[in-house]
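S.K.: Here is the input, now give the coordinates:
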Amino acid sequence: MRASARKWLLWAAFAAAVSLVAVFAAFLGEAWQERKEPAGPSASFSPPPAPETRKPPLPSPEPDPGPVVREAVLYAVGDIMVHMPQLPAYYEEATGKYDFSPWFEDVRPLFAEGGWVAGNLETVLAGADLKYSGFPRFNSPPELAGNLREAGFHVLSTANNHSLDRGWTGVVRTLERLREAGIVPVGTADDEEAARRPVIVERNGIRLGFLSYTYGTNGLPIPKDKPFAVNLIDSDRIREDIARTREAGADFVAVFLHFGNEYAKWPNDFQRDIARGAVEAGADLILGSHPHVVQPYEIWSVSGAGGGEGGRRGLIFYSLGNFISNQTGNGTDTGLIVKVRLTRAEFADGRVSLAWNPPEFIPTWVHIQRQNGKRHYRILPLPVILNDDRRDRFTPDEYARMEKILRETEAHVRSFEASGGGDVSGPS
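M.R.: Below is the predicted model of the structure:
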């Protein structure tokens, strides 16, 4: 072989070897690089991402829902009486029964707004067999109970000086007739258990307790074997009954008190002592009757009593006058409807706040008209009647009289306000 051919072959072999080494070195380089720095974020040994350093936002505070506030309205009136001249126009020969509903036509719409409507029933409903009569010993047709319920009454005091006008039988029958009509009686009882049972009537989540007492029974003795028949005024008994009514769950307590001097337009010392003492014992409302005329009201304040550091206050209506009767003159045909709004606020932490709004006064007048020799009666809520644009139901003289009664009654009932006695401070 020629020397030149041999040189060429050697050179080609050398070049091939060099290329092979280069390829091998490149392969080793890639493998080393792959082992040293694995590619891609999915490699199993990649370090975890750095933790988030920003703090999460705090939850927003729950808004304060505020207290649950409930309200209900009490309407209260004075004496409901039936004298004999009030009967003839309301007897229906076809049925042999009485219907006194016309008496209440003008006040019924007003009472429809009330959660409670209360008054003093100053007669008994003992039945015709015990003879109907007026003064001095009353016994009225039992239909009156249904008429009063239709008019809007829910609670009636039966403790007064006429409670025993037909003895024990009259007490029992009166209670039966009222209960049958759907009215809650308070102040007399047909057994000892009923006498001790708290009377609490709930409206719109507000529990109002009722108590009732009278100064006496016109000398008629309470049966010795039934001392529970009629509640007599006794300061210790009233205090105990108020406490028991509170313990039974009453939010507010109203106390009927039948006391005072007949036809006296101002409360006497006995009335003040008993009424103020009842407020100090825990009563919120005093509903007075017996004088048959309107007396002023007052707010009795007791520092630190039953209401913490702020004390407590009670509304005292010494006499609400006559709601219905045959009496006339000297203010006996004038009465007062009081309207009191009661409020109960319950907070999320369980606290309860109780309050009453300043009272509203609606003077009334018993309008008596003769027709066919019989007397017809209507209880007129004077602000409503005088605000009637028609002004054609009564004579000009009657309208003038109603305006005078309204003006004078409103001023009289607020007499203690003018002298600073509308809010009187009692013992601390």
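
S.K.: Nearest spatial neighbour of the one residue sitting closest to the centre of the chain, chain-adjacent residues omitted?
M.R.: When Cα atoms, centre = their mean is applied to the chain, the residue found nearest the centroid is residue 72 (3.8 Å). Take residue 72 and drop its neighbours on the chain: the residue closest to it by Cβ to Cβ, 6 or more residues apart in numbering is residue 115, 3.5 Å away. C-beta: built from backbone N, CA, C; applies to glycine.

S.K.: what's the neighbour count on the one you found?
M.R.: Using other Cβ atoms under 10 Å, residue 115 has 18 other residues around it.

S.K.: wait, what's in contact with the residue nearest to the centre of the chain?
M.R.: Taking Cβ atoms under 8 Å, 6 or more residues apart in numbering, we find residue 72 in contact with 115, 116, 203, 204, 206, 208, 341, 342.

S.K.: Who is the last one paired with across the strands?
M.R.: Each beta-bridge partner of residue 342 is listed here: residue 72, residue 356, as defined by DSSP bridges.

S.K.: Look at residue 238 and give its secondary structure.
M.R.: In three-state terms, and counting by DSSP: H, G, I helix; E, B strand; the rest coil, residue 238 is helix.

S.K.: hang on, it packs against residue 282?
M.R.: No: contact criterion Cβ atoms under 8 Å: residue 238 and residue 282 do not qualify, at 9.7 Å.

S.K.: How about the contacts made by residue 154?
M.R.: Shown in contact with residue 154 (Cβ under 8 Å, 6+ apart): 116, 117, 118, 183, 184, 201.

S.K.: Buried members of these into PyMOL, please.
M.R.: In PyMOL, this line selects whichever of the contacts of residue 154 come out buried by 16 or more other Cβ atoms under 10 Å:
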select buried, resi 116+117+118+183+184+201
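
S.K.: Kindly present the contacts of residue 154 as TSV, with separate columns for pLDDT, distance to residue 380 and secondary structure.
M.R.: Converted to TSV, the contacts of residue 154 look like this (pLDDT from 0 to 100; distance: Cβ to Cβ, whole Å; DSSP: H, G, I helix; E, B strand; the rest coil):
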residue	pLDDT	distance to residue 380	secondary structure
116	98	22	strand
117	98	17	strand
118	98	20	strand
183	98	23	coil
184	98	27	strand
201	98	28	strand
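
S.K.: Looking at the contacts of residue 154, spot the one nearest residue 129.
M.R.: residue 183 (22.2 Å; Cβ to Cβ).

S.K.: In stretch 409-418, which residues are buried?
M.R.: For stretch 409-418, burial by neighbour count (16+ other Cβ under 10 Å) applies to 409, 410, 412, 413, 415, 416.

S.K.: how about those, which pair is most distant?
M.R.: 409 and 416 (14.4 Å).

S.K.: Could you pull out the strands in the stretch 1-150 of the chain for me?
M.R.: Remark: strands assigned in the stretch 1-150 of the chain by DSSP state E, counting those that start in this stretch are 68-80, 91-92, 97-98, 116-121.

S.K.: Can you say which of those strands is nearest to residue 317?
M.R.: Nearest to residue 317 among these is strand 68-80; the distance by Cβ to Cβ comes to 7.2 Å.

S.K.: For residue 247, grab the count of nearby residues.
M.R.: Residues lying near residue 247 (other Cβ under 10 Å) number 9.

S.K.: So what does it look like in phi/psi?
M.R.: Note on residue 247: its backbone torsions stand at phi -60, psi -30 [degrees, to the nearest 10].

S.K.: confidence score at it?
M.R.: We have a pLDDT of 98 for residue 247.

S.K.: distance of it from residue 198?
M.R.: Here residue 247 is placed at a distance of 8 Å from residue 198 (Cβ to Cβ, to the nearest Å).

S.K.: Tell me who's in contact with residue 180.
M.R.: Residue 180 sits next to residue 145 when contact means Cβ under 8 Å, 6+ apart.

S.K.: Which helix or strand contains residue 299?
M.R.: strand 297-302 (DSSP states H and E).

S.K.: tell me what that strand is packed against?
M.R.: In terms of contacts (3 or more Cβ pairs under 8 Å, 6 or more residues apart in numbering; DSSP states H and E), strand 297-302 is packed against helix 269-280, strand 312-317, strand 423-425.

S.K.: Please identify which of those is closest to residue 290.
M.R.: For residue 290, the closest of those is helix 269-280, at 9.4 Å, according to Cβ to Cβ.

S.K.: That closest one to strand 312-317, inter-axis angle?
M.R.: In terms of direction (axes from the mean of the first three to the mean of the last three Cα atoms, to 10 degrees), helix 269-280 departs from strand 312-317 by 140 degrees.

S.K.: Please enumerate residues in contact with helix 269-280?
M.R.: Identification of contacts with helix 269-280 by Cβ under 8 Å, 6+ apart yields 233, 235, 238-239, 242, 255, 257, 259-260, 267, 286, 288, 300, 302, 305, 312-314, 316, 318, 426-427.
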